[in-house]
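> fold the following.
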Amino acid sequence: MPTLPTQYQWLSQEDGPKMVLEALTMYATEEVPGPGNNKVIMAWAKEIGGKVEKEYDADAVPWCGLFMAVLAKRTGRQIPVDPLWALNWGTFGVKSPQPMLGDVLTFTRKEGGHVALYVGEDSTCYHVLGGNQADAVNIMRIEKKRLYLARRPKYIVQPANVRKIILASNGKISTNEG
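Prediction:
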């Protein structure tokens, strides 16, 4: 697994949720600048197949929803209809009244939406692990006021480490993830 920033190294010691663990294996995957494509990201579209494979034709196309779809598929979760549209992840799993580790958070932004996994929060921001965040898989801070919906995977038995996590207010605040 790639090295996480110091503030988030504790994540490598967690034993769940499965979507977080899978996301960590893809940490630091980056899109190719310019006309080329990262073969790994393009393979994710093929892995999902169907309409996603047909519609997703370049890593320059926003891929936060694609990243989330791969996580869901690899961990046995149901993928929402049209997963490339970030706000469609608002139908995933079950409503989460309080975001906690591994919850799927959707955010609004000028160009539409963004989707990522909750790994913590500070007083003003959620810290989220997601794809297409500054063109890579990484952890960013997004202002809480931009939260659209928080959804929890449907667990048969919820992992014991699903909890609210308070973190330091370190790092740049993202204003546009696309």
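> what about the chain, any weak spots by pLDDT?
For the chain, the stretches with pLDDT under 70 are 1.
> please enumerate the strands of it.
Taking DSSP state E as the criterion, the chain carries its strands at 94-95, 104-109, 112-121, 125-133, 136-143, 147-152, 173-174.
> can you name every helix or strand that the second one contacts?
This means strand 104-109. Packing partners of strand 104-109 (3 or more Cβ pairs under 8 Å, 6 or more residues apart in numbering; DSSP states H and E): strand 112-121, strand 147-152. All C-beta atoms are positioned from the backbone trio N, CA, C, and that covers glycine.
> winner for burial among these?
A comparison of those by mean neighbour count, using mean count of other Cβ atoms under 10 Å, puts strand 112-121 on top with a mean of 25.
> from the contact counts, what lies against it?
The elements that strand 112-121 packs onto, with contact taken as 3+ Cβ pairs under 8 Å, 6+ apart, are helix 18-25, helix 64-74, strand 104-109, strand 125-133, strand 136-143.
> nearest to Tyr56, of these?
Of all those, it is helix 64-74 that lies closest to Tyr56, at 6.0 Å by Cβ to Cβ.
> which secondary structure elements does the closest one contact?
helix 18-25, helix 39-48, strand 112-121, strand 125-133.
> tell me the angle that helix makes with strand 136-143.
110 degrees (axes from the mean of the first three to the mean of the last three Cα atoms, to 10 degrees).
> and helix 64-74, how far out from the chain's middle?
8 Å (Cα atoms, centre = their mean, to the nearest Å).
> ok, now how distant is Val115 from Gly131?
Per Cβ to Cβ, to the nearest Å, Val115 is found 9 Å from Gly131.
> likewise for Asn38?
Per Cβ to Cβ, Asn38 is found 11 Å from Gly131.
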